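>>> structure for the following, please:
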Amino acid sequence: MENFDVVVIGAGPSGAVAASWLKLNGYQVLVLEKETFPRFQIGESLLPCCMSHLEAAGLLDAVKARNFQVKSGAGFLRESQQFEFYFDDQYTENAWTWTWQVKRADFDLALITETERKGVPVRFRCEVTAVRNSTDLQEVDYTDEHGGLHTVRARFIIDASGYGRVLPRLFDLSRPSRFTARGAVFSHLDDSKRTDKASRNIFVHSFDNNRSWIWAIPFSDHTTSVGIVGDRDYISDLAENGGAKYKAFIQSFPDLQGRFDTSHFRFEPRAILGYSVGVKQMFGPGFVLAGNSTEFLDPIFSSGVTFATASGLLSARMVHKHLSGQQVDWKTEYEDVVQKGIDVFRSYVTGWYNGDFQTIIFADRVDPLIKKQICSVLAGYVWDETNPFVKKHETILGTLAQVIKLREKQQQAEQNL
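Got it, this is the predicted structure:
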């Protein structure tokens, strides 16, 4: 039976960051991955905050070498209104001012290949089937691609299995999301007609009274990811007929009209339904959850990879502390920290769907300081307590939106006199 310091379940961004950081700090790590890489994954627009996580894990240079599309900000549209944030104009000090937009198959492969290059064994097409955990010793059963059963021992387990949610499933840790069940239909299209402006940033179109939206994420190979998010029945209908309804629908929006009329699908549009999910707890004897094994909210604001890399890095640091013989308060030092970031973005996701966020950014006047502070949230700096839009996240969007609505109502009344 093989023995390791840490077994990491999952070779995505969270698992790669955790495994690479632990290897850099002298630990023997094994990564078990159910799929074969490269493999398709959604979540293609990164946030600047994740750059420091990649750097800490020694993975940043490997990603730079792939020449992904640089992302400098994000634009939001609603009918004839448009508002843009640029990451070089944000509130948080010493923040990264750019990031990338990536095809996740290529991005994830770059991360885990560099992790392997550092000396971490990664076993693909290996599915974890059982875990016996305790305070000091963990046993992990897995089957290989030929159906052979293996068992490895470790001092600790990091579950970074993403939507596979291995330990939440084995240990009954999942709980339903508090968000309305939504879905997304998406594809990659040839995009030779896009402008220079459209090439640099993600653009998000809000419609259907803020209940639905479209993303357009450009890649460096002159293709673009276009996805539609809405209620489940609506999305299921758009995904039918080989993508004909989907393609016709996206071209009904002014910024996208005519852009894809002669474009070819790189793959037939795919649908994901009911993606939001939660978890009862993020740790237990001998294990910790990271990435989407914890909680996934919604694709708006592109927070998924940032939470994956942030929790992957923090979990590795806490495991290092634990294995070094130091006392770790997993609730305070890990779960509460991760949950804090999730809760901040939860407030913004809620503000998106109830319209408070749009009320603020599409107001007649947006205070430059407020714009900077919101921009830092959108850049992923949701742990910066000096930012009032982080510290007061539960109430600040709703309060500000009400003030703006009242001001606009007063202005309209004055014009009618």
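>>> can you show me the helices along the chain?
Assigned by DSSP state H, the helices in the chain fall at 13-24, 49-56, 60-64, 104-117, 166-170, 196-200, 232-238, 244-250, 304-323, 336-353, 356-361, 368-378, 388-391, 393-416.
>>> export these as CSV, with columns for mean pLDDT, distance to Leu77 and mean neighbour count.
Any C-beta I mention is one placed from the backbone N, CA and C, and that applies to glycine too. Shown next, in CSV, are those (pLDDT from 0 to 100; distance: least, C-beta to C-beta, whole Å; neighbours: other C-beta atoms under 10 Å):
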stretch, mean pLDDT, distance to Leu77, mean neighbour count
helix 13-24, 98, 28, 29
helix 49-56, 98, 24, 22
helix 60-64, 97, 29, 16
helix 104-117, 98, 24, 20
helix 166-170, 95, 36, 20
helix 196-200, 77, 11, 14
helix 232-238, 81, 19, 17
helix 244-250, 86, 13, 17
helix 304-323, 97, 22, 25
helix 336-353, 96, 13, 19
helix 356-361, 97, 10, 21
helix 368-378, 98, 15, 19
helix 388-391, 98, 22, 18
helix 393-416, 92, 18, 13
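>>> save these as JSON lines, and put in distance to Phe76 too.
Output for the helices of the chain, formatted as JSON lines (distance: least, C-beta to C-beta, whole Å):
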{"stretch": "helix 13-24", "distance to Phe76": "25"}
{"stretch": "helix 49-56", "distance to Phe76": "19"}
{"stretch": "helix 60-64", "distance to Phe76": "26"}
{"stretch": "helix 104-117", "distance to Phe76": "23"}
{"stretch": "helix 166-170", "distance to Phe76": "33"}
{"stretch": "helix 196-200", "distance to Phe76": "14"}
{"stretch": "helix 232-238", "distance to Phe76": "21"}
{"stretch": "helix 244-250", "distance to Phe76": "17"}
{"stretch": "helix 304-323", "distance to Phe76": "18"}
{"stretch": "helix 336-353", "distance to Phe76": "9"}
{"stretch": "helix 356-361", "distance to Phe76": "6"}
{"stretch": "helix 368-378", "distance to Phe76": "10"}
{"stretch": "helix 388-391", "distance to Phe76": "16"}
{"stretch": "helix 393-416", "distance to Phe76": "14"}
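>>> Gln281 contacts Asp172, correct?
No. Under the criterion of C-beta atoms under 8 Å, Gln281 makes no contact with Asp172, lying 10.8 Å away.
>>> what about these two, which has more around it?
For Gln281 versus Asp172, the count of surrounding residues by other C-beta atoms under 10 Å is larger for Gln281: 14 against 9.
>>> leaving out the residues flanking it, which one is nearest to that one?
Distances taken as C-beta to C-beta, 6 or more residues apart in numbering place Leu173 nearest to Gln281, at 6.2 Å, with adjacent residues excluded.
>>> test my guess that the one you found contacts Lys280.
Yes. At 5.0 Å, Leu173 counts as touching Lys280 under the criterion of C-beta under 8 Å.
>>> who's more crowded, those two?
Using other C-beta under 10 Å, the more surrounded residue of Leu173 and Lys280 is Leu173, with 20 against 10.
>>> state the pLDDT value of the more buried one.
Listed pLDDT for Leu173 reads 94.
>>> for it, give me its contacts.
167, 279-281, 289 (C-beta atoms under 8 Å, 6 or more residues apart in numbering).
>>> widest-spaced pair of the residues you listed?
Leu167 and Lys280 (11.3 Å; C-beta to C-beta).
>>> about what we covered before: tell me how far the residue nearest to Gln281 lies from Phe87.
Distance, Leu173 to Phe87, using C-beta to C-beta, to the nearest Å: 35 Å.
>>> cool, Phe362 as well?
Phe362 is 20 Å from Phe87, by C-beta to C-beta.
>>> which one's more surrounded, these two?
Ranked by neighbour count (other C-beta under 10 Å), Phe362 and Phe87 place Phe87 first, with 23 against 18.
>>> quick check: Val319 touching Val6?
Yes. Taking C-beta under 8 Å as the definition, Val319 is a contact partner of Val6 at 6.0 Å.
>>> which neighbours do the two have in common?
Contacts common to Val319 and Val6, judged by C-beta under 8 Å, 6+ apart, are 18, 22, 156, 158.
>>> got the contact list for Asp208?
Per C-beta under 8 Å, 6+ apart, neighbours of Asp208: Gly230.
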